[in-house]
Structures are given as C-alpha cells and as structure tokens.
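# build the 3D model from these lines:
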Amino acid sequence: MPAPLVGRKFGVNIVPVPDKDTCRQIHVLGISGSSRQQPEMSKSERLLDRALGQYREYGCQTEFIRLKDLKIYDCEGNYSENPAYCTYPCQSTLKYEDDQMQRVYDAVLACDILILATPIRWNNHSALIQKFVERMNTIENQYSWFGNRMIQNKVAGLIIIGHVDGIQHVAGNLMNFLSWLGFHIPEVAIASWVGENDEDTTKDWDLIEKNKYTREDLSNLVASALRLACALKRHGAEERAGT
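Predicted coordinates for the structure are as follows:
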C-alpha cells in the first residue's frame with residue numbers, strides 16, 4: 001500500500017554551518033544574470049542578495065557582480081577554428097579594449113564559492129548567463145587542451161526563479177557546465193521557485209517570501225556550499241603541508 005501523500009517534510013534536513021573562524025577564510029562570489037532594468041525588480045537577484053547576506057552573517061567575505069552592468073562581448077568561437085586559439089586571457093578581452101569580462105574572470109578565480117542567479121527564459125537560463133557560460137570556455141579550455149586546471153577546490157550553487165516548469169532543465173545545463181569547469185557541487189546546490197500557471201508575475205515576490213521551502217532551500221544551499229568550501233580549503237592546506 002503506498003504511503004499517504006503528506007507533502008515534503010519541512011525542517012527535517014537542516015544543514016549545519018561550520019564555525020565562524022573557518023567561515024572567515026571563505027570568499028563568496030554572487031553573479032546575477034537578470035536583465036531587469038532596476039535591481040529591485042529581479043526576484044532571482046533578491047534571493048542572491050539574501051544568500052550573500054547570510055554568508056556575511058557567518059563571517060564570509062562576499063562580492064557581487066551584475067552581468068547586465070558590464071560591457072561583455074560575445075564569444076567569437078575561436079575554439080571552433082582551433083582549440084589552441086581559445087587562450088587565456090581571452091582573445092576577445094585582448095581584442096576589445098572596453099570588454100569587461102576580465103573583471104568576471106578575476107572574481108571567479110579568486111572566489112571559494114560561486115552562486116549563479118538566473119531567471120528562467122523559455123525553459124532555459126538567461127541570455128546573460130549564456131554569454132557568461134560561453135566566455136568562460138577560455139577557462140575550461142586551459143585544462144582540456146593545455147592541461148592547466150584553473151578552477152580547483154571551488155564550490156558552485158544556483159538560484160533559479162521562473163514561471164511554469166524548467167528548473168531541472170536549467171539546473172542540469174548549468175551544473176554540467178560548472179562541473180566541466182572544475183567546480184565541486186554541494187549536497188544542496190539549488191534554491192528555486194516556480195510560479196503558478198496563471199503567469200501573474202505581479203504577486204511573485206509575496207509568494208516567494210511566504211514559501212517556507214524556498215527559504216529552507218536557500219539556507220541549506222548557503223550552509224552546504226560553505227561546509228564543502230571549508231572542507232576543500234582544509235584539504236588544500238593539508239596537501240600543501242604534506243600531511
């Protein structure tokens with residue numbers, strides 16, 4: 001006989017947070033892929049800001065980048081002509097003096113935890129996130145073609161917001177990309193919310209605020225990414241010390 005449908009258990013799987021002394025060593029980067037004209041209009045960015053606030057409460061250093069605010073040129077596909085042409089620094093960064101993608105590269109390489117926030121756009125992540133993905137190919141290619149692993153002992157998580165389903169599709173694409181880059185994925189890697197089929201976005205934020213599962217997922221994403229980042233940092237220090 002099947003078990004009764006009682007819904008998801010709330011408050012059962014709460015991820016504990018490491019001590020603050022350990023957390024102070026962790027640098028967290030949040031990247032917003034929303035294209036909304038005003039920051040407060042973006043619900044994915046609001047949740048990202050909340051996550052970064054929780055990290056600061058735990059003693060972490062945080063940094064925030066809004067892709068919309070930067071001049072970032074499209075990937076010009078040098079890899080397609082010859083993988084050896086996809087170099088770091090990126091050829092587009094060298095070609096265009098006003099290209100600002102190097103700021104993103106520097107921030108990603110400096111962080112311990114990366115949190116990407118994206119809305120769902122027709123069952124996919126946003127165009128800004130896609131541009132980020134394609135321009136990050138120069139980082140991935142340093143390992144796959146040149147044997148230089150630039151992303152090591154780093155953790156990544158996602159915040160995904162939208163209407164009608166699409167979270168698993170977006171998460172699957174981005175997790176695959178982050179894994180190829182070399183990021184580790186924590187036990188709770190995604191905080192998400194999907195709106196009603198009526199597509200009335202005017203009431204979304206109130207519904208997100210009232211959704212206890214989204215709040216719990218966000219806190220668990222923060223905590224589990226932090227636990228993994230602290231463990232990786234400790235492991236790295238032990239390796240360097242030869243223990």
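# which stretches of this protein form strands?
Using DSSP state E, the strands of the chain run over 27-32, 61-66, 113-119, 155-163, 190-195.
# helices and strands around the first one, which ones?
So the one you mean is strand 27-32. Applying 3 or more CB pairs under 8 Å, 6 or more residues apart in numbering; DSSP states H and E, one finds that strand 27-32 contacts helix 43-57, strand 61-66, helix 101-110, strand 113-119. Backbone N, C-alpha and C define where each C-beta goes, glycine included.
# looking at the ones you listed, which is buried most?
Compared across these, strand 113-119 shows the largest average neighbour count, a mean of 27 (mean count of other CB atoms under 10 Å).
# follow-up on the earlier one: with mean pLDDT added, can I get the strands of the chain in a markdown table?
Listed next are these as a markdown table, based on pLDDT from 0 to 100:
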| stretch | mean pLDDT |
| --- | --- |
| strand 27-32 | 98 |
| strand 61-66 | 98 |
| strand 113-119 | 97 |
| strand 155-163 | 94 |
| strand 190-195 | 93 |
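# any chance of a markdown table for those, columns distance to residue 207?
Formatted as a markdown table, the strands of the chain follow (distance: least, CB to CB, whole Å):
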| stretch | distance to residue 207 |
| --- | --- |
| strand 27-32 | 20 |
| strand 61-66 | 24 |
| strand 113-119 | 15 |
| strand 155-163 | 11 |
| strand 190-195 | 7 |
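# residue 101 is nearest to which of those strands?
strand 61-66 (10.7 Å; CB to CB).
# sheet partners, orientation included, of the closest one?
Paired neighbours of strand 61-66 in the sheet (DSSP bridges): strand 27-32 (parallel).
# the partner strand to helix 43-57, inter-axis angle?
If you take axes from the mean of the first three to the mean of the last three CA atoms, to 10 degrees, strand 27-32 sits at 170 degrees to helix 43-57.
# quick one: strand 27-32 to strand 113-119, angle?
10 degrees.
# rewinding a little: among the helices and strands packed on strand 27-32, which comes closest to residue 157?
The closest of the helices and strands packed on strand 27-32 to residue 157 is strand 113-119. By CB to CB, the value is 5.1 Å.
# switch the helices and strands packed on strand 27-32 over to a markdown table; also include distance to residue 233.
Shown next, in a markdown table, are the helices and strands packed on strand 27-32 (distance: least, CB to CB, whole Å):
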| stretch | distance to residue 233 |
| --- | --- |
| helix 43-57 | 15 |
| strand 61-66 | 13 |
| helix 101-110 | 13 |
| strand 113-119 | 10 |
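# nearest to residue 185, of those?
With respect to residue 185, and counting by CB to CB, the nearest of these is strand 113-119 at 11.1 Å.
# residue 42 reaches residue 33, doesn't it?
No: using CB atoms under 8 Å, residue 42 is not in contact with residue 33, being 9.3 Å away.
# and residue 26, how far is that from residue 148?
Computed with CB to CB, to the nearest Å, the distance linking residue 26 and residue 148 is 24 Å.
# would you mark the buried spots in the lengthiest helix in the chain?
Within the chain, and with DSSP state H defining each element, the longest helix by residue count is helix 212-241. Residues of helix 212-241 classed as buried: 214-233 (neighbour count, 16 or more other CB atoms under 10 Å).
# and for the lowest-mean-pLDDT helix or strand in the chain, what's in contact with it?
When the helices and strands of the chain are scored by mean pLDDT, DSSP states H and E, helix 20-23 comes last with a mean of 87. Applying CB atoms under 8 Å, 6 or more residues apart in numbering, the contact partners of helix 20-23 are 17, 55, 58-60, 226, 230, 234.
# report the two of these separated the most.
Greatest spatial distance in the contacts of helix 20-23: 55 and 234, 18.0 Å, computed using CB to CB.
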